[in-house]
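**Q** coords please:
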Amino acid sequence: MTFSIRHGLVALTLILATAAVPAQAQTGGSREEALSQEIMAFQVKQIDIDALTQASLDQIVQNLRIADPKVRADLLSLAPVLKEEFQPILDSIVKAMAGFFRDNFTVEELMQLRAFYASPVGMKMTVKGSEFGTRMGGALHLAMQERGPAIVERIKVEMEKRGHRL
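**A** Numbering: from 1, shown residues only. Reported below is the predicted structural model:
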């Protein structure tokens with residue numbers, strides 16, 4: 001599975017956060033909150049955190065153009081440090097993600113989502129979800145490239161109708 005660095009870092013952050021989610025869900029809060037956190041845990045549990053960390057560090061090596069093997073090895077050995085650095089932002093991401101589910105779904109819908117993500121097809125969707133997102137993003141990007149010039153021209157025409165020349 002191929003991840004962009006941004007997707008990788010977000011996924012890495014979410015997977016680190018889920019380690020504490022089940023305990024938090026059991027210890028208090030609303031039923032909606034507990035279900036929301038369980039759903040979030042299902043969505044990210046299939047992500048290989050070590051692979052994402054390694055991919056993130058490899059990307060840093062490329063971006064910084066590190067050629068010295070010793071420097072590269074030292075940087076790649078920082079995986080535990082990278083994971084630790086994400087800790088301060090994990091709580092806010094967990095809350096935001098759980099908040100999305102809590103705010104947009106009823107308890108009954110949350111229970112159905114939880115059952116879906118626990119099912120074999122739900123687990124498969126979790127694994128394939130990032131590939132789907134990547135493909136959709138690529139298709140959208142290509143479509144916008146193709147239509148972009150025509151859209152700009154149409155906007156210019158519409159703005160001229162309103163007395164503005166762009």
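**Q** The lengthiest helix in the chain packs against which elements?
**A** Using DSSP state H, we find that the single longest helix of the chain is helix 120-161. Under the contact criterion of 3 or more Cβ pairs under 8 Å, 6 or more residues apart in numbering; DSSP states H and E, helix 120-161 touches helix 5-18, helix 31-44, helix 107-118. Yep, even glycine has a C-beta here, placed from its N, CA and C like the rest.
**Q** Run the chain-centre distance for the second one.
**A** To tie it back to what came earlier, the one meant is helix 31-44. 15 Å (Cα atoms, centre = their mean, to the nearest Å).
**Q** any idea of the mean pLDDT in stretch 142-149?
**A** Stretch 142-149 shows a mean pLDDT of 89.
**Q** what does the domain assignment say about this structure?
**A** The record's domain parsing of the chain by automatic domain parsing lists 5-118, 120-166.
**Q** For those, state which one has the densest average packing.
**A** Highest mean neighbour count of the domains of the chain: domain 5-118, a mean of 16 (counted as mean count of other Cβ atoms under 10 Å).
**Q** per-residue confidence at residue 36?
**A** Residue 36 is assigned 86 on the pLDDT scale.
**Q** what's the distance between it and residue 97?
**A** From residue 36 across to residue 97, the span is 8 Å (Cβ to Cβ, to the nearest Å).
**Q** can you tell me which residues contact residue 118?
**A** For residue 118, the contact set (Cβ atoms under 8 Å, 6 or more residues apart in numbering) comprises residue 42.
**Q** Show me the contact partners of stretch 145-155.
**A** Residues outside stretch 145-155 that contact it (Cβ under 8 Å, 6+ apart): residue 166.
**Q** For the chain, spot the helix or strand the model is least confident about on average.
**A** helix 21-27 (a mean of 40; mean pLDDT, DSSP states H and E).
**Q** What's the end-to-end length of stretch 101-121?
**A** End-to-end distance for stretch 101-121: 20 Å, by Cα to Cα, to the nearest Å.
**Q** Flag the shaky bits of the protein, pLDDT-wise.
**A** Confidence mapping of the chain against pLDDT under 70 gives the ranges 1-29, 43-49, 51-52, 86-94.
**Q** could you redo the last one with a cut-off of 50?
**A** 1-4, 6-28 (pLDDT under 50).
**Q** Can you verify my assumption that residue 110 contacts residue 103?
**A** No: in terms of Cβ atoms under 8 Å, residue 110 does not count as a neighbour of residue 103; the distance is 11.0 Å.
**Q** Could you pull up the residues touching residue 116?
**A** 122, 125.
**Q** distance of it from residue 42?
**A** Taking Cβ to Cβ, one finds residue 116 at 8 Å from residue 42.
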